[in-house]
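Engineer: pasting the sequence and the predicted model now:
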Amino acid sequence: MTIVPTKVLLAQTNFHQVSQWRLQIQNKFYSDEFLADACGQFISVSQIFKRNGSFVPGPLESRRRLGKRRMVYAFESIPINKFDSWSWWRCFQQYDLTEWKWEPPRSVAMNQETKLDLSQFSSGAWLLSIFNFSKKKKSSSSTSELNCFNSELLKEQVTDLRVAMKKDSDHTILKASRSLNHTLENFLRQHIICEMKTIQLLDEISQDLRKYVTRPNLATFLCCSLYQAAWKGLKASISDTHALNMSETITPILRGLSKLPITPTVQKLVASIIQYLPKTETEKIPYEIYRSIFTSWSSSWCEDLSRADLFDYQAQYLSDIYKKHYSAAEEIISKVENQLSRLDSQINVKIKAYDVKVSLPEIRLKIVSGLENIEDAENLLTPEKLSASNLAKALDNLPRNVMKTLLIDCSKGICEIFQQDDFDSTLRIKKYWLLSISQITSLNNEEFLDLWRYIDTCGKPLSTLFYPELLINRWESHSSLEEHLHIRNEIKTTRLFIKDSFGPWVSLINAIYKCYSIESHFERIGLLFSSLRALGKVDDMGETVLNLIDINPRLSAEILEFIVETLIDHNPETAWKVVMLSRIMAPGRKYRSRFFPNGDHRRLRYSRCPKFVDWMIYDSKINPIYIWKLLRVRRQSSYQSRYRNQPSPKPLHPEIEALFKRMAVAFAHSNRLSPRQAFRNVMHCWHQLCHHKLPIDKIVVKALIHSGITRWIENGLWVSVARQNWLYYLLEQTEGIETADQASQIVQDWNNNITLSKKRKQRELNVLCVGQID
């Protein structure tokens, strides 16, 4: 005879009672009273099986040991706060409480070996698994009766919808469609209907809707709502079962949506589906479905989306929303005005600064909330913006290779539309396609600018007032919402140079200085000018900088160097004006960054502008003395005699060294300078290199020989012997003795020819043979 513990007997009696109550559940399908009673019984059972008494530590038990004991036996209690009423009904559906066999609870060792996270499972399923109840079989009579009832209910609602289609009444069709969608969603959530049957049902109903419903907007709306209900049910079932092959279920839905006109409701549904799926599953969906969806999505911007899928009651609903947003914005603006007037009165009364600091953040928050309401209302009035943002989110969730291929193919298709139809409606496609591309965060700046330049060259040009918004969208992920609201409002309210093409860029820089933090000024403005260069708008760069004087800007030396080097190939005169204005635009020490912790450079570094220096030497009319003064390099003649040949203790920067060598070559080959001027300036470059103890370089020696010997020979001048001697010494050190001997022989022959020609002329002029004659 086996001795049964008291706890086990109590558990058996409790579960006998629960098994008897189960017979009453079938008659009480939605009984909350029963669920509460069952919850109490299960909680009492869980408290019975809480072993080892209370958690009060014994006299020789440490707190660490007590904590371990709590962790070990915590799985045998059910948390009351995680009780979900309808989860108990699922447990009763899955388990047959009338046929159970007693087994002892699972051991602690088994739990430690498996290391299961028991919080993932429902409390009822865990408790029933302890006592090993047998699951219901699919062939049981109750399940088959329920499935038959469900299938009959679904068929009945499908027939009701078809009857409503034949009556051709919008109200009855919408009512039947809502009931069918609700039933289908619930069946999919509870796994009552299989996926294959769902796909077949969706195809049949969507075909009937497109065939029998006369109004195309209504048919599209009904099909979309049907697919939306199916997606909600599948989404819930997928999250419950943790299905891995989601693409097999979602592909038919996306294929069906690709056959519909892409209205705003369809766009939202497609975006939500693609955003929910992981990238591993989006790869498995066929590329043709993506291409057809996104191509028709972009072409839908030709028409007004605000009336694409609206009915009378929906239009009234949206107008109420518009009024609500605008009224909220007006209330906030009035409150801000009242607070600002009150603040002015307080300041006039000389109130304490602390009270002013307290009231300013409240005003700022109200201004931000007012701007948010205004922007929401504008988005409702222009649904194309929301459509473009949804498209960007959907593309951003795709794998990178699929996304880039889609962007290229859709851009080519859009450019073909521009070639066929050159109307104003195509400009809407161009505008919102660029707007959606600018919001894709996975695109690099180079890829974005390439697509921008490619699309901008096709068709009619867009208004220049639109382009700054693209750059603001690119910066959105790196800035706060408050900054973006303020900068958009600043650009819309204060527009500078409206008639000129460079006006929006000046307005954008003005907004950057007012709305962004000081640390990000140079970064934003640098991205702006690099984008202008990539787009080929070089003239706008120069005009933008020249017209920034009105807002008293501070530009980084790096930005000005970049602008000067870009402008020198297109418009050297504008580059010269920018250099002259660079002294006014000195940034100062307050503009610090991680690259320049003490502040950025105050002046241009001409070592970063070698093309500009070449232009000054070759093509400009600038005196070389002023060039050296502009470069802030002292000429040799300005040194005192005692310091002229002393080396400098400071090393020369490699960029400045390369600039001096480049200048030596430029001075040597400059045709606007005389041989004497060229040679003196090359000598000055050589002196600067020697002043910093740099070794003799071949480039400088060749420049010296070209300016000091070759150009003198080309101009028919005699080369002095002293100059030959030290130049040949340098040439011997760099090229070797043989090269120096050959050069000396050539120059010596030239000098002999010069002397002979002079004597010949002297004889010819001395007709009377007066004086000494050879």
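Structural biologist: Received, thanks. Keep in mind that this is a model prediction, so the values were computed, not measured. Residues are numbered from 1 along each chain as shown.

Engineer: and the gap between Leu673 and Asn473?
Structural biologist: In this view, Leu673 and Asn473 are 51 Å apart by C-beta to C-beta, to the nearest Å. (Glycine included, C-beta is placed from N, CA and C.)

Engineer: over to Tyr516?
Structural biologist: Relative to Asn473, Tyr516 is positioned 15 Å away (C-beta to C-beta).

Engineer: mind listing the strands for this structure?
Structural biologist: Listed in chain order, the strands of the chain (DSSP state E) span residues 95-100, 133-135.

Engineer: and those strands, which one's lowest on average pLDDT?
Structural biologist: Across the strands of the chain, the stretch with the lowest average pLDDT is strand 133-135; it has a mean of 40.

Engineer: residues in contact with Lys259?
Structural biologist: By C-beta atoms under 8 Å, 6 or more residues apart in numbering, the residues touching Lys259 are Ser206.

Engineer: which pLDDT value belongs to it?
Structural biologist: Turning to Lys259, the model gives it a pLDDT of 84.

Engineer: now Ser46
Structural biologist: Taken from the predicted model, the pLDDT recorded for Ser46 is 46.

Engineer: kindly report the same for the one 4 residues further on.
Structural biologist: As summarised for this prediction, Lys50 has a pLDDT of 44.

Engineer: likewise Gln745?
Structural biologist: The pLDDT attached to Gln745 in the predicted structure is 90.

Engineer: and for the one 4 residues further on?
Structural biologist: In this model, Asp749 is scored at 90, pLDDT.

Engineer: so how far is Arg711 from it?
Structural biologist: Where Arg711 is concerned, Asp749 sits at a distance of 18 Å (C-beta to C-beta).

Engineer: and if you look at Ile568?
Structural biologist: From Ile568 across to Arg711, the span is 26 Å (C-beta to C-beta).

Engineer: what of Tyr728?
Structural biologist: Distance from Tyr728 to Arg711, counting by C-beta to C-beta: 17 Å.

Engineer: please apply the same query to Phe679.
Structural biologist: 8 Å.

Engineer: also Glu490?
Structural biologist: Glu490 sits 58 Å away from Arg711 when distances are taken as C-beta to C-beta.

Engineer: ok, Val721 next?
Structural biologist: Shown here: Val721 relative to Arg711, a distance of 18 Å by C-beta to C-beta.

Engineer: for Val579, same thing?
Structural biologist: Summarising the geometry, the distance separating Val579 from Arg711, computed by C-beta to C-beta, is 29 Å.

Engineer: and Pro399, its phi and psi?
Structural biologist: phi -60, psi 150 (degrees, to the nearest 10).

Engineer: so who does it touch?
Structural biologist: Contact analysis of Pro399 by C-beta under 8 Å, 6+ apart lists 279, 282-283.

Engineer: buried subset of these?
Structural biologist: With neighbours counted by 16 or more other C-beta atoms under 10 Å, those contain buried members at Thr282.

Engineer: any idea which of the contacts of Pro399 is closest to Phe612?
Structural biologist: Of all those, the one with the least separation from Phe612 (C-beta to C-beta) is Lys279, at 47.4 Å.

Engineer: excluding covalently adjacent residues, which one is nearest to the closest one?
Structural biologist: Nearest-residue entry for Lys279: Pro399, 5.1 Å, with adjacent residues in sequence omitted and distances by C-beta to C-beta, 6 or more residues apart in numbering.

Engineer: and Leu254, by the same measure?
Structural biologist: Closest residue to Leu254 in three dimensions, ignoring its sequence neighbours and counting by C-beta to C-beta, 6+ apart: Ile289, at 5.1 Å.

Engineer: okay, now the domains of the chain?
Structural biologist: Per the record's domain assignment (the TED database), the chain is made up of the domains 151-285, 312-380, 653-766.

Engineer: got a markdown table for these, with distance to Leu535 too?
Structural biologist: Conversion of the domains of the chain to a markdown table gives the following (distance: least, C-beta to C-beta, whole Å):
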| stretch | distance to Leu535 |
| --- | --- |
| domain 151-285 | 29 |
| domain 312-380 | 27 |
| domain 653-766 | 29 |
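
Engineer: closest one to Ile437 among these?
Structural biologist: Comparing the domains of the chain by their distance to Ile437 (C-beta to C-beta), the top pick is domain 151-285, with 15.5 Å.

Engineer: what about the helices in the stretch 351-500 of the chain?
Structural biologist: Using DSSP state H, counting those that start in this stretch, the helices of the stretch 351-500 of the chain run over residues 353-381, 383-396, 400-420, 424-438, 445-456, 467-475, 481-493.

Engineer: and the second one, what other elements does it pack with?
Structural biologist: Applying 3 or more C-beta pairs under 8 Å, 6 or more residues apart in numbering; DSSP states H and E, we find helix 383-396 packed against helix 264-276, helix 287-299, helix 353-381, helix 400-420, helix 424-438.

Engineer: and for the fifth one?
Structural biologist: Other elements packing on helix 445-456 under the criterion 3+ C-beta pairs under 8 Å, 6+ apart are helix 400-420, helix 424-438, helix 467-475, helix 521-534.

Engineer: make a markdown table out of those helices and add mean neighbour count and distance to Leu269.
Structural biologist: Formatted as a markdown table, the entries for the helices and strands packed on helix 445-456 read as follows, by neighbours: other C-beta atoms under 10 Å; distance: least, C-beta to C-beta, whole Å:
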| stretch | mean neighbour count | distance to Leu269 |
| --- | --- | --- |
| helix 400-420 | 16 | 18 |
| helix 424-438 | 20 | 17 |
| helix 467-475 | 20 | 24 |
| helix 521-534 | 19 | 34 |
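
Engineer: format those as a markdown table; extra columns: mean pLDDT.
Structural biologist: Shown next, in a markdown table, are these (pLDDT from 0 to 100):
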| stretch | mean pLDDT |
| --- | --- |
| helix 400-420 | 86 |
| helix 424-438 | 84 |
| helix 467-475 | 84 |
| helix 521-534 | 86 |
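
Engineer: mind checking those helices for the one nearest to Ile696?
Structural biologist: Of all the helices and strands packed on helix 445-456, it is helix 521-534 that lies closest to Ile696, at 38.7 Å by C-beta to C-beta.

Engineer: the closest one packs against which elements?
Structural biologist: With contacts defined as 3+ C-beta pairs under 8 Å, 6+ apart, the packing partners of helix 521-534 are helix 445-456, helix 467-475, helix 503-515, helix 538-546, helix 557-567.

Engineer: put the alpha carbons of it into CSV.
Structural biologist: Extracted in CSV, the C-alpha atoms of helix 521-534 (Å, rounded to 0.1, in the frame of the first residue of the first chain):
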residue,chain,number,x,y,z
HIS,A,521,26.5,74.4,-38.9
PHE,A,522,29.6,73.6,-40.9
GLU,A,523,28.6,69.9,-41.4
ARG,A,524,25.2,70.9,-42.9
ILE,A,525,26.5,73.7,-45.1
GLY,A,526,29.4,71.5,-46.3
LEU,A,527,26.8,68.8,-47.3
LEU,A,528,24.8,71.5,-49.1
PHE,A,529,27.7,72.7,-51.2
SER,A,530,29.0,69.2,-52.0
SER,A,531,25.4,68.3,-53.2
LEU,A,532,25.4,71.4,-55.4
ARG,A,533,28.7,70.3,-56.9
ALA,A,534,27.5,66.8,-57.5
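
Engineer: sweet, I'm off.
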